[in-house]
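Colleague: okay, here's the prediction I keep looking at, along with the sequence it came from:
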Amino acid sequence: MPKAIRRHHRERLKNKRRFHWGRDLRAEQKALAQAIDTPAPCSCWICKNGRSGEGRTLQELKSDSNYWW
């Protein structure tokens, strides 16, 4: 991917995630960079991707089963 596109996407994410953790991150450059690279503030069961800890999603289970939910 060209450098200009990467720069564009990084700037786009800066604008989108400026208020990501419930506060204005414009003045906190380190926190803003963290919000761009890793939007989940921690790895607890609430913040992380549910599939990584729970296995298959409910939609996948429904599609594989023969029962109506």
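Modeller: That came through, no problem.
Colleague: quick check: closest non-adjacent residue to F19.
Modeller: L25 (7.2 Å; CB to CB, 6 or more residues apart in numbering). Placement of C-beta: from N, CA and C, glycine included.
Colleague: oh sorry, the question was meant for C42
Modeller: In this structure, C42 finds its nearest non-sequential neighbour in K48, 7.9 Å apart by CB to CB, 6+ apart.
Colleague: isn't that neighbour up against T38?
Modeller: No: in this structure K48 lies outside contact range of T38 using CB atoms under 8 Å: 10.5 Å.
Colleague: in the chain, what spans have low per-residue confidence?
Modeller: Counting by pLDDT under 70, the chain contains low-confidence ranges at 45, 49-53, 66-69.
Colleague: run through the residues that contact the residue most central in space within the chain.
Modeller: Nearest to the geometric centre of the chain sits P39, at 4.6 Å (CA atoms, centre = their mean). Listed by CB atoms under 8 Å, 6 or more residues apart in numbering, the contact set of P39 reads R17, H20.
Colleague: in three-state terms, how would it be classified?
Modeller: Three-state call for P39 (DSSP: H, G, I helix; E, B strand; the rest coil): coil.
Colleague: how close does it sit to R17?
Modeller: In this view, P39 and R17 are 6 Å apart by CB to CB, to the nearest Å.
Colleague: quick one: contacts for the nearest residue to R10 once chain neighbours are set aside?
Modeller: Leaving aside its chain neighbours, R10 sits nearest to I36 (6.4 Å; criterion: CB to CB, 6+ apart). Neighbouring residues of I36 by CB under 8 Å, 6+ apart: R10, L13, K14, R17.
Colleague: can I get the helix or strand harbouring the third one in CSV? Just the C-alpha atoms.
Modeller: Secondary structure from DSSP states H and E places K14 in helix 3-16. Once non-C-alpha atoms are left out, helix 3-16 reads as follows in CSV (Å, rounded to 0.1, in the frame of the first residue of the first chain):
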residue,chain,number,x,y,z
LYS,A,3,2.6,5.7,1.9
ALA,A,4,0.1,8.4,1.0
ILE,A,5,-2.8,6.0,1.5
ARG,A,6,-1.4,4.8,4.9
ARG,A,7,-1.0,8.4,5.9
HIS,A,8,-4.6,9.2,4.8
HIS,A,9,-6.0,6.2,6.8
ARG,A,10,-4.0,7.1,9.9
GLU,A,11,-5.4,10.7,9.8
ARG,A,12,-8.9,9.4,9.2
LEU,A,13,-8.7,7.2,12.2
LYS,A,14,-7.3,10.1,14.3
ASN,A,15,-10.4,12.0,13.5
LYS,A,16,-12.7,9.1,14.0
